[in-house]
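Student: Requesting a structural model of the entry that follows:
(2 chains)
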Amino acid sequence: DGGITQSPKYLFRKEGQNVTLSCEQNLNHDAMYWYRQDPGQGLRLIYYSQIVNDFQKGDIAEGYSVSREKKESFPLTVTSAQKNPTAFYLCASSFRGPNTGELFFGEGSRLTVL
Amino acid sequence: SQQGEEDPQALSIQEGENATMNCSYKTSINNLQWYRQNSGRGLVHLILIRSNEREKHSGRLRVTLDTSKKSSSLLITASRAADTASYFCATVNTGNQFYFGTGTSLTVIP
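Tutor: Got it, this is the predicted structure:
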């Protein structure tokens, strides 16, 4: 089945540790996105990538890093520099280009810092 | 911030009633989309309306767009308990950037 897969679904981290969240899609989409969602809040854009080997910072990129070495994969690393990393992280993808269609979302990864 | 705002933040209705939620935004858009999120899950796309359209229907959903007022509304008719979820609007600019609103939490009481 075509779709977007995030892993792990739940992750616990000690303060000072880096963690990497996986996002894989088999929809042949060019664009991929990472969003952060806090309780009762909307989605805030962390990073996005319109094409392989290129990505741009979103509104809240500090303390996060990404890579886009393959079209199918867009992993997000939450570094120890992120002051408040406990949140629900959502990955999405879409076709690139003007007048684009919808975003397809994964099921999310919930990160808890102990 | 380019984030939009939904109104109301929370809405509780009886099954069979209609639910209306509104979205306001700040910048020029290419299109506006509505998404649904069940608790603890990813978002699911519901409907897209382009900047040159004023109204669009899909099943029990009706979306309107007023670009002069920078606002949109989502109407769900004949609501069901299964419609209970959070609903988000997302604006898309010409740079293919998506900006989400703060969401409306809808509860449909059986």
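Student: who in chain A is up against chain B?
Tutor: Within reach of chain B by C-beta under 8 Å from any C-beta of the partner chain, chain A has these residues: A:6, A:31, A:33, A:35, A:40-45, A:48, A:50, A:59, A:88, A:90, A:92, A:94, A:96-108, A:110. C-beta coordinates here come from the backbone N, C-alpha and C atoms, glycine included.
Student: Of those, grab the buried ones for PyMOL.
Tutor: Selection command for PyMOL covering only the buried members of the residues of chain A next to chain B, criterion 16 or more other C-beta atoms under 10 Å in any protein chain shown:
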select buried, chain A and resi 6+31+33+35+42+43+44+45+48+50+88+90+92+94+100+102+103+104+105+106+108
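Student: Could you tell me which of the residues of chain A next to chain B belong to strands?
Tutor: Counting by DSSP state E, the part of those found in strands is A:6, A:31, A:33, A:35, A:43-45, A:48, A:50, A:88, A:90, A:92, A:94, A:104-105, A:110.
Student: Nearest to B:Met21 among the residues you listed?
Tutor: Taking C-beta to C-beta as the measure, A:Leu43 is the one of these closest to B:Met21, at 16.4 Å.
Student: Next up, the contacts around the closest one.
Tutor: For A:Leu43, the contact set (C-beta atoms under 8 Å, 6 or more residues apart in numbering or on different chains) comprises A:35-37, A:90, B:43, B:88, B:100.
Student: List only buried entries from these.
Tutor: Neighbour counting over the contacts of A:Leu43 (16+ other C-beta under 10 Å) leaves A:35-37, A:90, B:43, B:88, B:100 as the buried ones.
Student: pretty sure B:Asn96 is in contact with A:Ala31, am I right?
Tutor: Yes. Using C-beta atoms under 8 Å, B:Asn96 and A:Ala31 qualify as a contacting pair, with a distance of 6.4 Å.
Student: got the residues of chain B near chain A?
Tutor: Among all residues of chain B, those adjacent to chain A (criterion: C-beta under 8 Å from any C-beta) are B:1, B:3, B:30-31, B:33, B:35, B:40-45, B:48, B:50, B:88, B:90, B:92, B:94, B:96-103.
Student: Buried only: go through the residues you listed for me.
Tutor: If you count burial by 16+ other C-beta under 10 Å, the buried members of the residues of chain B next to chain A come out as B:3, B:30-31, B:33, B:35, B:41-43, B:45, B:48, B:88, B:90, B:92, B:96-103.
Student: and the residues of chain B next to chain A, which of them are in strands?
Tutor: Going by DSSP E, the strands hold B:31, B:33, B:35, B:43-45, B:48, B:50, B:88, B:90, B:92, B:98-100 from the residues of chain B next to chain A.
Student: Spatially central residue for chain A, please.
Tutor: In chain A, the residue lying closest to the centroid (C-alpha atoms, centre = their mean) is A:Trp34, at 2.8 Å.
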